[in-house]
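Enquirer: Following is a predicted model, sequence given first.
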Protein chains: 2
Amino acid sequence: MATGRTHRPATRSRGIPEATVARLPLYLRALTALSERSVPTVSSEELATAAGVNSAKLRKDFSYLGSYGTRGVGYDVEYLVYQISRELGLTQDWPVVIVGIGNLGAALANYGGFASRGFRVAALIDADPAMAGKPVAGLPVRHTDELESIISDNGVSIGVIATPAGAAQQVCDRLVAAGVTSILNFAPTVLSVPDGVDVRKVDLSIELQILAFHEQRKSGEDAGQAVAPPPPLRSASDGRKGPDGDVPAVMPA
Amino acid sequence: MATGRTHRPATRSRGIPEATVARLPLYLRALTALSERSVPTVSSEELATAAGVNSAKLRKDFSYLGSYGTRGVGYDVEYLVYQISRELGLTQDWPVVIVGIGNLGAALANYGGFASRGFRVAALIDADPAMAGKPVAGLPVRHTDELESIISDNGVSIGVIATPAGAAQQVCDRLVAAGVTSILNFAPTVLSVPDGVDVRKVDLSIELQILAFHEQRKSGEDAGQAVAPPPPLRSASDGRKGPDGDVPAVMPA
DNA sequence: CCATCTTTGTGCACGCGTTCACAAAGGCAT
DNA sequence: ATGCCTTTGTGAACGCGTGCACAAAGATGG
């Protein structure tokens, strides 16, 4: 931002805003599609539309990476694909392990989006002995006992947790102790990790609840108020439906 | 985290900040756990720790809902569970349809977190005729042809898209046309919808890429610079194709 | 009834992220 | 060259979200 323009796109601008990082994959996807159609260049306006964002925001995002555009013309698609890929670290191979091979874990293992971007499923791990050896998505499921050695042998630094909530923290601890420093958590639990370890969580239940909030608002706000009045304090026997608490069950292994 | 995409700052009616809404499900989960253990009251500090947030933030969040706490004591667990549930619209039944019963769709259908919070899977829909009638998670898969009638008959307003990216927009359009006003999108595509329709997206690939970015940064930034030098920068007219030809596809199951 | 202790509710300041708006840069036609 | 047209890159303003710090509220004990 200072006056001096950078001649070198060098990685000197350490401070790429988190919000920008979160959008880079979006741009990369749109650019990849353009690349496949052999489109040579694209303007910020076109790309922004394709990515579903504001063009000014897109330009500012790219400005953090360096000046890769040509005024009056736009951005070179191939070049930008390369730059973003490099910035995201996708030019290297990232072995990942998926722990908890239930319905969700299996779905993730079969998810094509992983392998397509430098992510390689190094192993599928499950605590159920009956699952051991059973092939899922072309890979034999390994037992939890092997977790540490698998991570160590493959140099895994990214782990995906798809276990029931109750086992998540324990699995997380083992992953971290074994050397994993980035975790993608699908279990509906708050994971506590030491400094230096990144955790991102994907929670289906939460997403739905947020949608429900907005949905309720759309269908008249007056209706929502017509429900039973609140019990002020100490209501002994709670009449709510079964204690679901998505705490437990997520994926019946 | 995870994702979630909001292009609508619209939540001004009751003025509950979007960021707060996104945390309410988190509080609700922690409170439900306390409720099951019959804990009568909880302080903002304790609850904040359980939810993994700052206590001041939690108090401010609750202040948007009203003054439900008692100074010197804390919050009444049951009462708060009720208030948050009501605010999120979970006191009513939300029928949802899941479109695209592949690996992921099936996993979602089996996901316990849905039914546990007022969300009821009204139907599973797939375009493959071979899937029709086949039971998944106890429900017979319905063919896409029935989409409109299913939504209409069940008063569905929330739809979950778990189809391949290529079919997502089309499915989305049909859902919206049929009356759905909230969509949870798992397909790696930017969906365009008319005003009044909310879309949240969950993109596994993006989450991993964000993790990779931070991971790369941890493991020395110098290493990343030692890779192949940047490609061309020639603008138009030069129809040279990318040398590395970034891997295409982004398709999920 | 008063003193003390705990915990809430919030005013305030700060920093990040978004958006506008425009000068500068570069291509292109004449 | 020269002037016009397109599009980038970014300064600046604005708004949202976060976290601090503290006064007010209420419980509790003497």
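Expert: The structure has been received and is ready for your questions.
Enquirer: Can you show me the strands along chain A?
Expert: A:41-42, A:69-70, A:74-76, A:94-99, A:119-126, A:135-136, A:139-143, A:158-161, A:182-185, A:198-201 (DSSP state E).
Enquirer: Highest mean neighbour count out of those?
Expert: For the strands of chain A, the largest average neighbour count (mean count of other C-beta atoms under 10 Å in any protein chain shown) is found in strand A:158-161, namely a mean of 26. All C-beta atoms are positioned from the backbone trio N, CA, C, and that covers glycine.
Enquirer: Pull up the residues of chain A that are close to DNA strand C.
Expert: A:17-20, A:53-54, A:56-57, A:59-60, A:70-73 (C-beta under 7 Å from any atom of the strand).
Enquirer: Now distance to DNA strand D and pLDDT too, for those, in JSON lines please.
Expert: As requested, the residues of chain A next to DNA strand C are exported to JSON lines (distance: C-beta to the nearest atom of the strand, whole Å; pLDDT from 0 to 100):
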{"residue": "A:17", "distance to DNA strand D": "12", "pLDDT": "98"}
{"residue": "A:18", "distance to DNA strand D": "12", "pLDDT": "97"}
{"residue": "A:19", "distance to DNA strand D": "10", "pLDDT": "98"}
{"residue": "A:20", "distance to DNA strand D": "11", "pLDDT": "98"}
{"residue": "A:53", "distance to DNA strand D": "13", "pLDDT": "97"}
{"residue": "A:54", "distance to DNA strand D": "10", "pLDDT": "97"}
{"residue": "A:56", "distance to DNA strand D": "5", "pLDDT": "98"}
{"residue": "A:57", "distance to DNA strand D": "9", "pLDDT": "98"}
{"residue": "A:59", "distance to DNA strand D": "4", "pLDDT": "98"}
{"residue": "A:60", "distance to DNA strand D": "4", "pLDDT": "98"}
{"residue": "A:70", "distance to DNA strand D": "6", "pLDDT": "96"}
{"residue": "A:71", "distance to DNA strand D": "4", "pLDDT": "97"}
{"residue": "A:72", "distance to DNA strand D": "3", "pLDDT": "96"}
{"residue": "A:73", "distance to DNA strand D": "6", "pLDDT": "97"}
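Enquirer: Output the residues you listed as JSON lines; include the columns distance to residue B:204.
Expert: Shown next, in JSON lines, are these (distance: C-beta to C-beta, whole Å):
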{"residue": "A:17", "distance to residue B:204": "23"}
{"residue": "A:18", "distance to residue B:204": "19"}
{"residue": "A:19", "distance to residue B:204": "20"}
{"residue": "A:20", "distance to residue B:204": "20"}
{"residue": "A:53", "distance to residue B:204": "20"}
{"residue": "A:54", "distance to residue B:204": "25"}
{"residue": "A:56", "distance to residue B:204": "29"}
{"residue": "A:57", "distance to residue B:204": "24"}
{"residue": "A:59", "distance to residue B:204": "28"}
{"residue": "A:60", "distance to residue B:204": "27"}
{"residue": "A:70", "distance to residue B:204": "34"}
{"residue": "A:71", "distance to residue B:204": "37"}
{"residue": "A:72", "distance to residue B:204": "38"}
{"residue": "A:73", "distance to residue B:204": "35"}
